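S.K.: The sequence and its predicted three-dimensional model are supplied below.
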Amino acid sequence: MSIPVVNLADFLSGDPQLKQQFVQKLGRAYEDVGFVAVKNHGIPDELIEEIYSRVQQFFSMPADKKKKYEIPELAGQRGYTSFGKEHAKGSEAPDLKEFYQHGQTVGPDDPEKHEYPDNVQIEEIPDFTETFNQAYRAFEKSGKSLLQAIAIYLGLDEHYFDNQIRKGNSILRAIHYPPITHEPKSAIRAEQHEDINLITLLVGASADGLQILTKQGDWVGVTSLPEQIVVNVGDMLQRLTNNRLRSTTHRVVNPPRELWYTSRFSIPFFLHPKSKMSLACLESCIDEKHPRGYPDTSAGEYLDERLREIGLKK
Ligand SMILES: O=C(O)CCC(=O)C(=O)O
Ligand SMILES: [Fe+2]
């Protein structure tokens, strides 16, 4: 299925009409499907190529070398998480994937430094951290524009999210779904789930497999062109908007048998706000037909709860 396509250059064009059209198209798509493809997304092609090549290098290292970078105390939020650790909420079988996570960096004297453990330095790969830092900044920038459009759509101030996501707790995750060597019992590459964060920006996955669950209850494959990124709503934004914007269930299915020997790579950026952001439902999203659906919580508390549910936090 092709998801709605929006052009971020329209939003940034300076033309009020194009900007408003972008806002309406994005907002409606998020009420309806929860997923869009974004062109002119602002993440430079060379940077995407560079990060992919570092990521492939990393995952091709022997298991014992990768394991050096696994830090269970950090609940997988930094460094490497080995195959078989994470499972979707409500699922017993772990996903068929391994991943690496990179978080926010702030200066050593920053008052918020204690919020952000250091990223893991991968000794074997030159410029690994630098490439991840650059990609992280690029995703933050595109994500900020998209959230400005969402704020306008919701009738909020355009800059409503700016401060909440500045020095926020986003995670850049590189995932490797290894070749499948024998019939998996019940597991798939990524079992059905909803993302935890505000929005997720996903750069061109290296193979098919991503599917979303439609309102009609059908699984449909997501297709996007190589120059587009996929951006979807996560549970934090769904909760904040009292279910007005939809955090759509999605999964990554195993390839057909003749492609079992292939790896799949993908690099989602999970855009999180600062831990202290309130996720209390917006008053403008509550009315008689839509009574408040969730108790108040903060982004930090909510994340903690969700990390326990997926087996990353004990
Ligand atoms: O690998 C993909 O294409 C999507 C991964 C995903 O949905 C996730 O990690 O939350
Ligand atoms: Fe996801």
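M.R.: Yep, it's here. For clarity, every value in this text was computed on a predicted model and none was experimentally measured. Ligands and ions are numbered 1, 2, ... in the order given.
S.K.: For the host helix or strand of Thr200, which helices and strands make contact with it?
M.R.: In this structure, Thr200 sits in strand 199-203 according to DSSP states H and E. If contacts are counted by 3 or more Cβ pairs under 8 Å, 6 or more residues apart in numbering; DSSP states H and E, strand 199-203 sits against helix 128-153, strand 229-233, strand 264-271. (Each C-beta comes from the backbone N, C-alpha and C, glycine too.)
S.K.: how about a cut-off of 6 Å?
M.R.: Under the contact criterion of 3 or more Cβ pairs under 6 Å, 6 or more residues apart in numbering; DSSP states H and E, strand 199-203 touches strand 229-233, strand 264-271.
S.K.: ok, and what's touching the first one?
M.R.: I take that to be strand 229-233. Strand 229-233 has contacts (Cβ atoms under 6 Å, 6 or more residues apart in numbering) with 30, 34-38, 41, 199-203, 224, 245-247.
S.K.: which of those residues come close to ligand 1?
M.R.: Of the residues in the contacts of strand 229-233, proximity to ligand 1 by Cβ under 6 Å from any ligand atom holds for Leu202.
S.K.: Am I right that Lys274 sits in a strand?
M.R.: No. Counting by DSSP: H, G, I helix; E, B strand; the rest coil, Lys274 is located in no strand; its state is coil.
S.K.: Could you report the pLDDT at it?
M.R.: Looking at Lys274, its pLDDT is 97.
S.K.: From ligand 1, how far off is it?
M.R.: According to Cβ to the nearest ligand atom, to the nearest Å, Lys274 stands 21 Å off from ligand 1.
S.K.: that older thread, where does confidence bottom out across the contacts of strand 229-233?
M.R.: Of all the contacts of strand 229-233, Ser224 carries the smallest pLDDT score, 79.
S.K.: quick one, helices of the stretch 51-200 of the chain?
M.R.: Secondary structure of the stretch 51-200 of the chain, counting by DSSP state H, counting those that start in this stretch: helices at 63-67, 128-153, 162-165.
S.K.: Alpha carbons only: can I get the first one in PDB?
M.R.: Extracted as PDB, the C-alpha positions of helix 63-67 are listed here (Å, rounded to 0.1, in the frame of the first residue of the first chain):
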ATOM      1  CA  ALA A  63      29.300 -11.900  18.200                       C
ATOM      2  CA  ASP A  64      31.900 -11.600  21.000                       C
ATOM      3  CA  LYS A  65      33.100  -8.300  19.800                       C
ATOM      4  CA  LYS A  66      29.600  -6.900  19.600                       C
ATOM      5  CA  LYS A  67      28.800  -8.200  23.100                       C
END
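S.K.: Would you mind listing the outside residues contacting it?
M.R.: With Cβ under 6 Å, 6+ apart as the contact definition, helix 63-67 has outside contacts at Tyr80.
S.K.: For it, buried residues please.
M.R.: Lys66 (16 or more other Cβ atoms under 10 Å).
S.K.: mind checking which helix or strand Arg308 is in?
M.R.: helix 299-309.
S.K.: report the angle between the axes of that helix and strand 264-271?
M.R.: Relative orientation of helix 299-309 and strand 264-271, computed by axes from the mean of the first three to the mean of the last three Cα atoms, to 10 degrees: 150 degrees.
S.K.: close to ligand 1, is helix 299-309?
M.R.: No. Figure legend: helix 299-309 not in contact with ligand 1 (Cβ under 6 Å from any ligand atom); closest approach 11.7 Å.
S.K.: And for stretch 84-96?
M.R.: No. Stretch 84-96 does not reach ligand 1 (Cβ under 6 Å from any ligand atom); its nearest approach is 8.5 Å.
S.K.: and the helix holding Arg308, what does it pack onto?
M.R.: Partner elements for helix 299-309 (3+ Cβ pairs under 6 Å, 6+ apart): none found.
S.K.: Give me the mean pLDDT for it.
M.R.: The model assigns helix 299-309 a mean pLDDT of 93.
S.K.: Same question for it: list its buried residues.
M.R.: Those would be Ala299, Gly300, Tyr302, Leu303, Arg306, Leu307, for helix 299-309 by 16+ other Cβ under 10 Å.
S.K.: Pick the one among those residues closest to Ser275.
M.R.: The shortest gap between Ser275 and any of these belongs to Gly300, at 2.9 Å (Cβ to Cβ).
S.K.: What's the separation between that closest one and Pro108?
M.R.: Using Cβ to Cβ, to the nearest Å, we find Gly300 at a distance of 22 Å from Pro108.
S.K.: related to what we said a few turns ago, format the helices of the stretch 51-200 of the chain as TSV; extra columns: distance to ligand 1 and mean pLDDT.
M.R.: As requested, the helices of the stretch 51-200 of the chain are exported to TSV (distance: least, Cβ to the nearest ligand atom, whole Å; pLDDT from 0 to 100):
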stretch	distance to ligand 1	mean pLDDT
helix 63-67	18	96
helix 128-153	14	98
helix 162-165	19	98
